[in-house]
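> sequence unknown, structure follows:
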C-alpha cells in the first residue's frame, strides 16, 4: 500500500517540484496540495492522508497552527515540517504542535524521504543540520551546568561530537573517518549515553528552554 501524502506550501513552484519528485517514488502517492494552512486543514480532514508535508510560513493559517488543528482532530496523520527556518523557536513550536519531523528546504531530497520513512514508523526525525543545532544548544547547557560530563569524552569522541554539532550526517562522518556507518552509529550512541542526552523530543525542549 502506498504512502498517501498531502503537500502544503504557498509557493507553487516548490509544490510542483516536490510533487514531481515524490510521485517518482513507487511507494508514495501525492493525493493533494494546499496553498495555505487553512486549505491544508480542510484537505487533511477530507482526504485523511498518512502524512502532511507542510511549510511553516503560509497565508491565512500558518503551518504551526494548521499542524495543531490537524493533530488535535486526527493524531494518526503524521506531520513533516519542510521549512526554511533554522530558528529553534520554530522547531520547538512545530514539535509541540504535534509535528513528527523537521526538515530544512536546503537539505537534500534524500533527507525528506528519510523523514517520511521515519515518521511512518512512529518515530521523530530531525534533519541532520537541525539535529546539530539542537545538540549544540544542549552541549552549551551542559558546559554551563556540568562541564565534568563533557570531560568524560575522549578526544576522538569530542571530534565526532563536533561533527554532529555541525550537522554532518552519519554517512558524511563515516566518509571522513574512513569507516562504515554502523561504526559511527555505535560511537554516536556511546556519546549519547555518556552525556545522558534525553530522547529527541525531550532533548529539543531541554536545549531550547535553556537558551
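Alright, I've got the coordinates. The structure presented is a predicted model; accordingly, all values stated were derived computationally and were not measured.
> Show the contacting residues for residue 125.
Going by C-beta atoms under 8 Å, 6 or more residues apart in numbering, residue 125 touches 80, 100-103, 114-115, 118-119. Every residue, glycine included, has its C-beta placed from N, CA and C.
> Over to residue 71?
77, 79, 97-98.
> And what about it, helix, strand or coil?
At residue 71 the chain is in helix, as set by DSSP: H, G, I helix; E, B strand; the rest coil.
> just to revisit the earlier point, closest one of the contacts of residue 71 to residue 184?
Closest approach between the contacts of residue 71 and residue 184, by C-beta to C-beta: residue 79, at 28.9 Å.
> Please work out how many residues are found near the closest one.
Other residues within reach of residue 79, judged by other C-beta atoms under 10 Å, total 28.
> if I look at the residue nearest to residue 112 when sequence neighbours are not counted, how far off is residue 186?
Nearest non-adjacent residue to residue 112, counting by C-beta to C-beta, 6 or more residues apart in numbering: residue 103, 5.4 Å away. According to C-beta to C-beta, to the nearest Å, residue 103 stands 25 Å off from residue 186.
> So between those two, which is more surrounded?
Using other C-beta under 10 Å as the criterion, residue 103 and residue 186 rank with residue 103 on top: 25 against 11.
> does the more buried one really touch residue 79, like I thought?
No: with contact defined as C-beta atoms under 8 Å, residue 103 and residue 79 do not form a contacting pair (11.4 Å).
> how close does residue 95 sit to residue 33?
Residue 95 is 24 Å from residue 33, by C-beta to C-beta.
> ok, now residue 14?
10 Å.
> All good on my end, thank you.
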